[in-house]
Each structure stands twice: as C-alpha cells, then as structure tokens.
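Undergrad: structure, please.
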Amino acid sequence: MNSQLIANLTNTARLILSNVADDPSYFALQVARKFKSQAPVKVLDKVLSLGNNGTLANAISAMIRDDRVQLNTTCRLWIEKSNAKRGGIFLANLCIASGEWETAASLLQVPSTSPNAIRARARLQWGLGNMSEAIALLEQIRPNRQKRHYVSEYQVYLGTVPKLPATQYAGSKNRTLKTVVCLATNSLPHTGSGYAQRTQSTLSALSAEGWSVRACTRVNYPLSIGIFNAQKSDRVGAVEYERLIPVRAKYDLSGRIQQQSEALLAKVLHDGPQILHTTTDFSNALAVKAVSEATGIPWVYEVRGQLADTWLSTRPASAVNSERYKLFREREAFVARNADYVITLGAEMRENLTVTGVKPDSIEILPNGIGEEFLNEPVSRSVAREELGLDVQAFYVGTVSSLVPYEGLDTVLRAVAKIMPATEKLRVLIVGDGTERENLIRLAVELGISEYCEFPGRVPREKAHLYHASLNVFVVPRVDSSVTRAVTPLKPVEALASRVPVIASDLPALRELISDGETGHLVPSGDVEAWANSIESLIYEPSKAELMGRSGRDFVLETRTWNKNAKRLAEIYQQVISKAD
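TA: Here you go, the predicted structure:
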C-alpha cells in the first residue's frame, strides 16, 4: 500500500468522524447528494418512500430528495400530534441540515436538558450565525469535538491568523521564467462549478501568455468532497493541479488554515514564483497572506463572489444581524485591504470593495468570459437538438445553472404556466443540479406543465454548449438579494456567445451583462406577469430574438474572453512585481 493511499484512507476516516461529531444529519445529507444517482441511495429512498413508513422514514426520504415541502409537512404533522414524545431532536437535526430553520426551532421548543437536545440547539444557533450563543450552549455539557470546532472557527472569524517564520527567499530572482503559484478552493476534474471553470480558463489562458502556472488546491481537497482515490496531482489541459494532502489533515478551521499556510510555503520554496494568486473565500487569502509576509512575495486576491451574502441568502432575514455575517464581511474586507492587488467580476462588486476600504486604484475588473467551444461558431439549433434528442420544432425556454433558491427558477415555471394554453410548442429545459431540482420538478407537476418540462440534471462540461445552443431563450430569473445584485454569473455569458437572447432579472449585476432590448430583456425580479409577457414577446417576434442573439455574441466576443482577461492579468502581475521590487 503506497503512502498516498495510506494518507487518503487515514484522512478520509478522520474526516468522516469529524463530520459525524459536528452534525451527523448534515453529513448524511451531503453523502446522499454526492451519491444520489447511485444505486444504494436510490434503493434507500425507494424503501423509505414505500407506503406509510412513519414520520422519521418520511422525513429522511424528503431530506435525501431535497424536498423542502415534504420535510416541513412531515415535521409539522409530528408537532401537531399531542402524544408525540420522541423523535423531535432527530427531526430537528434533519431540518437544520436542510436549512429549514423555522421548523427546526419549533421542534426544539420542547424543554429538554439532554446533551443531544443541547447539541441540536447549538447547531441551530450556529447555522443561524449566532456563534457565541452556540458555544455557550455547548458549555453546559462535556467538552466535545463539536465545541472544539466551533471555538476554532469563531477564533478565526474574530481575527486569529496563521503564523509562519520569516523565510529567506530568493527563488523568484533565480528564475528566468515568469512563475505564479495559484491557490484555488477546488478545480476540475473533480468539481464542475462555474468557479472551477473560471480557474481552469484563466490559468490556461495565462499559460498561453507565457506564464509558468503552478496551481494547487486547498488542503485535503478532493478528499473533502468524497474523492477517496485522489492522486498527488491532476492535469487538465494545460494546467496541473497539485493536491495538498497531508499525512494527518486538520479539521478545525484555524488548524486547516495553519496547515494550508505551511503546505503552501513549502510549495513556494520549491517552485520559486514571483507572485502569488488566490481566490475567495478569506480562508484562502489568510494562508496566502501569511506566505507573502514570510517570503516577501507579493500577492493578488481574486474576489469572485460575496460569500457572506451567499450564506445570508439561505437564512432568515434576521441573520443579517448575526455575528457570523458581520464577522464574515469584516474578514473578507480585511484580506482584500491587505492584498497587493484585487481582482473582481464587475462594477457593482468593485464598488462594494471600495466601500470596505480597498483602494480603487488597486482593483481591476476581469469579468467572466468565454473560451473553448464558445469561441467557435455556435452549433445550429437544429443540430444541437438532434444530438440531444430534443424537439426540433419546439420553442425552448431554459437555463444551464446550479439549481439553488436564489436563481428564482420557480418564477419561470409560473410564467410558462400562464401562457402555456396559448402556446402549445413552448417547452422548458432546466439543465443542472442542486437543492432546488426536486422542488422545481414538484412545482411543474402542481402547475400542470410537467409534460412540457425537462430536467436532465448535471451534464458533462463538453456538452454544455449544445444545451445552450438548443435554447430559444436563456433565462436568469434571480431573486432580488444582496448577492444577486452584486455578483455577475458565468452562464449567461456563455448563452450570449451561443447567439441566444437572455431574459434576466433587472438587477445591477445583470445590467452589466444584458442590454435591455438589444441582447435580451431585463424584467422585474419575481414578477410572474412581466416574465410571461417577456417570454411571449420573443415567441411571436422571432426576427427580434435572432437579432438579439447576434448582438449578444458580438458583445461577448468584443469584451468578455478569457484571452483578454489573461493579457490584462499578466500586466497586473508585472505591475505588482515591479512595485514589490
């Protein structure tokens, strides 16, 4: 048995124990989501959903399927039973894992001083961002791993930073090749998110600009997402991702960041870069900042989202006043202010950074772009549909996206239901996976349009351009929230490159992408009537839709390609390096 496999098995076992100690229900949910397409999970769900198997079985089945309505209904029925004595804590843990905060709170109202009840209440408060309150609850029982992890994370949010000794470093001066070490949270081929695709596209284009790119991912990735046979590195096209998998990984936040810093320092001393580059969130930046201070190498921080606001988007409105939210924002502002240069995605995000004290002249916008298949002439709609087995004659409205609540895709289903009786050829194509997929499928059934809707799930990256090209209209019906108002998504850019007009919520970040009436339409978020009218207008004005599609492709080819980004990024690197020298 080789040393890599031993490290993988050891760390995987410890990871499982750590997650079970912190929140077994949440861990079970993540495992179910990871392996839901595989036979064991399908069989389990089938068994649980057969007949009347009782409250607990029904709740577990609902959690596995991310069916929020069924989970809430099951738990509310349990609460209404006057003789219900046992199982409340178990159900509460399921609701906490699924983000059903109000129902979890109701289940935990029954007085109990048992350790399990106290731990569940602590999980609820922790999930709502009340960090010190959660820790105080755990003070009532014997010290455990859950408390140690909470305390460690709270300390990081309060300002604990990794510590590295000052290091004699002359590596960059001895290299003739321009070298950057990049630390990413995750990457292809194990994660197919927009984040991972942006990393791959950016680093590939940077390599084409003559830079030696030395990429690595956070400590213990991809073991942390269930890839147990992880290798020391993975090559994806022009980019090789080194996996920083220690013999014994840390699982508390401060320990992980310290370990990340030490592993990154060792890589830097080996690779000899002139500059360091990392991306959100702040835990990555803390490690890179520590290495920069130890070696004198300058660093760039790439802000790809407002992760505190992403966190907030799945919590009650009151969480805006929570410790976690406030401290999360402070930590992000702290690392951005301390970076030598900051890169972000759009004007709204740049403005938000300046408000936190980042100097405007040290911020550059490098928007999401296109590359690979999307640079090529788009496949014709009929050819794309034939390859995918879609109706060649239909009018498809849809998206290729992560199916999460803030995407607001229920608005599109409701809009389609309003106009469906008069437009028999209208179809909905929602490509992707996420916590909302089952809820959207259920909603389509409730609205009576399920036979006109297709939900193919997650598709291979190499086929994504075909799904884009098959659409008549790409929709981005995002809800109005702090994160959606600021963060510009990647997928609409790819849709525009495919000559597909885009209908999007009228939010500041989306106004940066869509020119109303020229490349698509901007519609009030959540306004079902307005969305129905906008979709219907493009059905009956095909020439206008075609013109919008052409304008959209011209726009992205001119302003939003990874090659253009890489050229500017290379200039920024040289500027930062020269200033540091």
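
Undergrad: next, Glu364: secondary structure please.
TA: strand (DSSP: H, G, I helix; E, B strand; the rest coil).

Undergrad: correct me, but it touches Tyr341?
TA: Yes: counting by CB atoms under 8 Å, Tyr341 is a contact partner of Glu364 at 7.0 Å. Every C-beta, even on glycine, is put in place using the N, C-alpha and C of the backbone.

Undergrad: more neighbours: the two, which one.
TA: Tyr341 (23 against 18; other CB atoms under 10 Å).

Undergrad: quick one: that one and Ser578 touch, right?
TA: No: checked against CB under 8 Å, the pair Tyr341 and Ser578 is beyond contact range at 11.9 Å.

Undergrad: quick one on the thing from earlier: which neighbours do Glu364 and Tyr341 share?
TA: Between them, Glu364 and Tyr341 share these contacting residues under CB atoms under 8 Å, 6 or more residues apart in numbering: Ile572.

Undergrad: what pairs with Tyr341 across the strands?
TA: Beta-bridge pairing of Tyr341 under DSSP bridges involves Val300.

Undergrad: how near is it to Asp361?
TA: Taking CB to CB, to the nearest Å as the measure, Tyr341 falls 10 Å from Asp361.

Undergrad: cool, and Lys232?
TA: 40 Å.

Undergrad: and those two? Which one has more around it.
TA: Regarding Lys232 and Asp361, a neighbour count based on other CB under 10 Å identifies Lys232 as having more, with 11 against 7.

Undergrad: wait, isn't that one in contact with Ala7?
TA: No: if you go by CB under 8 Å, Lys232 and Ala7 don't touch, sitting 9.8 Å apart.

Undergrad: overlap of the contact sets of the two?
TA: Shared contacts of Lys232 and Ala7 (CB under 8 Å, 6+ apart): Ile245.

Undergrad: not counting sequence-adjacent ones, nearest residue to Pro316?
TA: Nearest non-adjacent residue to Pro316, counting by CB to CB, 6 or more residues apart in numbering: Trp101, 5.8 Å away.

Undergrad: with Arg76 instead?
TA: Nearest residue to Arg76, sequence neighbours excluded (CB to CB, 6+ apart): Thr103, at 6.8 Å.

Undergrad: do the same with Ile227
TA: Excluding the flanking residues, the one nearest Ile227 by CB to CB, 6+ apart is His190, at 5.2 Å.

Undergrad: and the one you found, what does it touch?
TA: Tyr221, Pro222, Ile225, Ile227, Ala230, Asp234.

Undergrad: average pLDDT for the host helix or strand of Val291?
TA: Using DSSP states H and E, Val291 sits in helix 282-295. Mean pLDDT, computed over helix 282-295, is 97.

Undergrad: just the residues contacting that helix, thanks.
TA: Contact with helix 282-295 is made by 156, 161-167, 169, 183-185, 218, 253, 256-257, 260-261, 264-265, 268-269, 276-278, 297-299, 301, 328, 331-332, 334-336, 338-340, as judged by CB under 8 Å, 6+ apart.

Undergrad: and what of stretch 4-23?
TA: With contact meaning CB under 8 Å, 6+ apart, stretch 4-23 is reached by 26-27, 30, 93, 96-97, 123, 144-146, 149, 220, 223-224, 228-232, 245-249, 251.

Undergrad: using CSV, write out every CA atom in it.
TA: Output in CSV follows, covering the C-alpha atoms of stretch 4-23 (Å, rounded to 0.1, in the frame of the first residue of the first chain):
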residue,chain,number,x,y,z
GLN,A,4,-0.6,8.4,-0.8
LEU,A,5,-3.3,5.8,-0.4
ILE,A,6,-2.5,5.5,3.3
ALA,A,7,-2.8,9.3,3.7
ASN,A,8,-6.1,9.2,1.8
LEU,A,9,-7.6,6.4,3.9
THR,A,10,-6.4,8.0,7.2
ASN,A,11,-7.7,11.4,6.3
THR,A,12,-11.0,10.1,5.0
ALA,A,13,-11.7,8.2,8.2
ARG,A,14,-10.9,11.2,10.3
LEU,A,15,-13.0,13.4,8.0
ILE,A,16,-16.0,11.1,8.5
LEU,A,17,-15.5,11.1,12.3
SER,A,18,-15.2,14.9,12.3
ASN,A,19,-18.3,15.5,10.3
VAL,A,20,-20.4,12.9,12.3
ALA,A,21,-19.3,14.6,15.5
ASP,A,22,-20.2,18.1,14.3
ASP,A,23,-23.5,17.3,12.5
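
Undergrad: now that stretch: buried residues?
TA: By neighbour count on 16 or more other CB atoms under 10 Å, the buried set for stretch 4-23 is Ala7, Asn8, Thr10, Asn11, Thr12, Arg14, Leu15, Ser18, Asn19, Ala21, Asp22, Asp23.

Undergrad: and for stretch 61-78?
TA: Those would be 61-68, 70-72, 74-75, 78, for stretch 61-78 by 16+ other CB under 10 Å.

Undergrad: distance between it and the chain's centre?
TA: The chain centre lies 24 Å from the centre of stretch 61-78; the measure is CA atoms, centre = their mean, to the nearest Å.

Undergrad: and what of stretch 504-523?
TA: Centre-to-centre, stretch 504-523 and its host chain are 22 Å apart (CA atoms, centre = their mean).

Undergrad: helices of the stretch 301-450 of the chain, start to end?
TA: With DSSP state H, counting those that start in this stretch as the criterion, the stretch 301-450 of the chain has helices at 307-312, 323-338, 347-355, 381-388, 409-419, 437-447.

Undergrad: okay, these, which one's buried deepest?
TA: Among the helices of the stretch 301-450 of the chain, helix 409-419 has the highest mean neighbour count (mean count of other CB atoms under 10 Å), at a mean of 22.

Undergrad: which strands and helices sit next to that helix?
TA: In terms of contacts (3 or more CB pairs under 8 Å, 6 or more residues apart in numbering; DSSP states H and E), helix 409-419 is packed against strand 395-400, strand 426-431, helix 437-447, helix 528-539.

Undergrad: dump the ones you listed to a markdown table, plus distance to Glu386.
TA: Below are the helices and strands packed on helix 409-419 laid out as a markdown table (distance: least, CB to CB, whole Å):
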| stretch | distance to Glu386 |
| --- | --- |
| strand 395-400 | 13 |
| strand 426-431 | 15 |
| helix 437-447 | 25 |
| helix 528-539 | 22 |
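
Undergrad: for the ones you listed, which one sits closest to Ser132?
TA: helix 437-447 (33.5 Å; CB to CB).

Undergrad: which residues touch that closest one?
TA: 65-69, 403, 409-410, 413-414, 417, 428, 430, 450, 453, 455, 457.

Undergrad: kindly report the same for stretch 485-492.
TA: Defining contact as CB under 8 Å, 6+ apart, one finds that stretch 485-492 is touched by 194, 197-198, 305-306, 309, 345-346, 348-349, 352, 367-368, 399-401, 474, 476, 478, 502, 504, 507-510, 512-514.
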